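1. sharing a model that was predicted from the sequence below.
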Amino acid sequence: MSSWNYHVTHFVTSAPDIRHLPTDSGIEVAFAGRSNAGKSSALNALTNQKSLARTSKTPGRTQLINLFQVAEGYRLVDLPGYGYAEVPEEMKLKWQRSLAEYLQMRNSLKGLVVLMDIRHPLKDLDQNMIKWAVASEIPVMVLLTKADKLASGARKSQVNMVREAVVAFMGDIQVEPFSSLKKSGIDKLREKLDTWFTQIPPAVEEDATDA
């Protein structure tokens with residue numbers, strides 16, 4: 001079914017805020033999560049590229065909005081990680097501002113992938129992110145990362161617990177275990193992205209920028 005080749009995804013730009021992003025047209029799917037949730041590793045695993053998104057032993061390296069193009073008009077967005085304490089307060093507020101701005105004002109955002117460490121899911125900021133997406137009628141895929149860190153019984157019960165918890169949000173939310181190390185969950189992620197990219201035609205009409 002997939003007419004999308006994620007392996008050819010390439011980096012487009014890094015922006016400190018939405019004013020530095022390209023025209024707000026086409027379709028974007030954003031990856032969001034706490035700074036240590038494994039966003040960069042997931043993007044690298046999805047695209048089968050070792051260093052598409054930079055990974056770092058120091059959480060919080062993603063301080064900018066990073067855009068990657070899958071095909072003309074179709075982009076993946078790596079958002080600044082949230083909720084990691086060891087950065088100056090001023091910097092943290094700046095990231096949060098650019099994150100909130102992107103989520104609220106970017107019309108081409110059509111799907112949100114929220115990544116959480118399977119051992120510590122559904123922290124307050126994760127829940128806020130999902131609630132915001134539901135309120136904005138944006139579908140969500142929750143990836144429970146680092147699934148290889150748990151034995152299969154514990155993994156299954158964590159996935160079930162999160163699936164039950166998100167029912168209360170009453171939105172379009174799919175929850176799947178994911179491991180970039182073991183390459184598990186990548187097919188489910190690709191399927192979801194295929195659906196989002198295929199269901200929604202990109203609105204590439206006139207250039208309506210008022211920059």
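-> It's in. No experiment lies behind these values; they were computed from the predicted model shown. Numbering: from 1, shown residues only.
2. okay, stretch 174-186 in PDB with CA atoms only?
-> Taking C-alpha atoms only, stretch 174-186 is exported to PDB below (Å, rounded to 0.1, in the frame of the first residue of the first chain):
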ATOM      1  CA  GLN A 174      -3.400   4.900  18.600                       C
ATOM      2  CA  VAL A 175      -0.800   3.500  21.100                       C
ATOM      3  CA  GLU A 176       2.000   1.200  20.000                       C
ATOM      4  CA  PRO A 177       5.200  -0.200  21.600                       C
ATOM      5  CA  PHE A 178       8.400   1.000  19.800                       C
ATOM      6  CA  SER A 179      12.100   0.100  19.800                       C
ATOM      7  CA  SER A 180      14.500   1.900  17.500                       C
ATOM      8  CA  LEU A 181      17.200  -0.600  18.800                       C
ATOM      9  CA  LYS A 182      15.200  -3.700  17.900                       C
ATOM     10  CA  LYS A 183      13.500  -2.000  14.900                       C
ATOM     11  CA  SER A 184      10.100  -3.000  16.400                       C
ATOM     12  CA  GLY A 185       7.000  -0.800  15.800                       C
ATOM     13  CA  ILE A 186       8.500   0.800  12.700                       C
END
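3. buried residues in it?
-> In terms of neighbour count (16 or more other C-beta atoms under 10 Å), stretch 174-186 has its buried residues at 174, 175, 176, 177, 178, 179, 180, 184, 185, 186. C-beta: built from backbone N, CA, C; applies to glycine.
4. find the centremost residue of the chain, please.
-> By C-alpha atoms, centre = their mean, the chain has its centre lying nearest to residue 31, at 1.0 Å.
5. that one reaches residue 77, doesn't it?
-> Yes. Residue 31 lies in contact with residue 77 (C-beta atoms under 8 Å); the separation is 6.7 Å.
6. and the helices in the chain?
-> Remark: helices assigned in the chain by DSSP state H are 39-47, 89-105, 124-135, 152-167, 186-199.
7. spit out the contact partners of residue 89.
-> Counting by C-beta atoms under 8 Å, 6 or more residues apart in numbering, residue 89 touches no other residue.
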